[in-house]
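Q: I'll drop the sequence and a predicted model, then ask my questions.
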Amino acid sequence: MAIAVLCRCEIHAPSSKKLHRYTHRAEPMGFPDTSSICGRWQIGCQNPGYIYMTDDAVDAFKKGKRIFRYATNVSQVQLKDNSPKKIIMDSKLLK
């Protein structure tokens, strides 16, 4: 599986039906005062976005990587040093 990240707000979290299986979410630098805005621009969302991550992205994070490319390669995002949080399909965080 490829390293993939996606920017979505809590309201527009990715579903389990996406190409990539996003299992964790992290905060971009400056969150919630961040330039990482939810990718649902088509519906006009302007909420601060979390960074949703695949297992491979989480493994890279654990090895020290903090800058990730979006799947579409339009830009990169830098994550805060706090650990990504595990998510379940309906976007609730596991403790």
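A: Okay, I see it.

Q: I'd like the distance between Pro14 and Asp33.
A: 23 Å (CB to CB, to the nearest Å). C-beta: built from backbone N, CA, C; applies to glycine.

Q: neighbour-wise, which of those two wins?
A: Between Pro14 and Asp33, Pro14 has the larger neighbour count (other CB atoms under 10 Å), namely 19 against 7.

Q: Please name the residues that touch that one.
A: Residues near Pro14 by CB atoms under 8 Å, 6 or more residues apart in numbering: Leu6, Arg8, Tyr22, Tyr52.

Q: okay, now the closest residue to the first one other than its chain neighbours: neighbour count?
A: The reference is to Leu6. In space, and not counting its chain neighbours, Leu6 is closest to Tyr52: 4.6 Å by CB to CB, 6 or more residues apart in numbering. Counted with other CB under 10 Å, residues neighbouring Tyr52 total 25.

Q: Spit out the contact partners of Tyr52.
A: With contacts defined as CB under 8 Å, 6+ apart, Tyr52 is in contact with Val5, Leu6, Cys7, Arg8, Ala13, Pro14, Tyr22, His24, Arg25, Ile87.

Q: try Tyr50
A: Cys7, Arg8, Cys9, Glu10, Ala13, Arg25, Ala26, Glu27, Pro28, Phe31.

Q: Counting by contacts, list what the strand or helix carrying the first one packs against.
A: Here Cys7 sits within strand 5-8, counting by DSSP states H and E. Using 3 or more CB pairs under 8 Å, 6 or more residues apart in numbering; DSSP states H and E as the contact test, the elements touching strand 5-8 are strand 50-53.

Q: Tell me the strands beside the strand it packs on, with direction?
A: strand 5-8 (antiparallel), strand 24-26 (antiparallel) (DSSP bridges).
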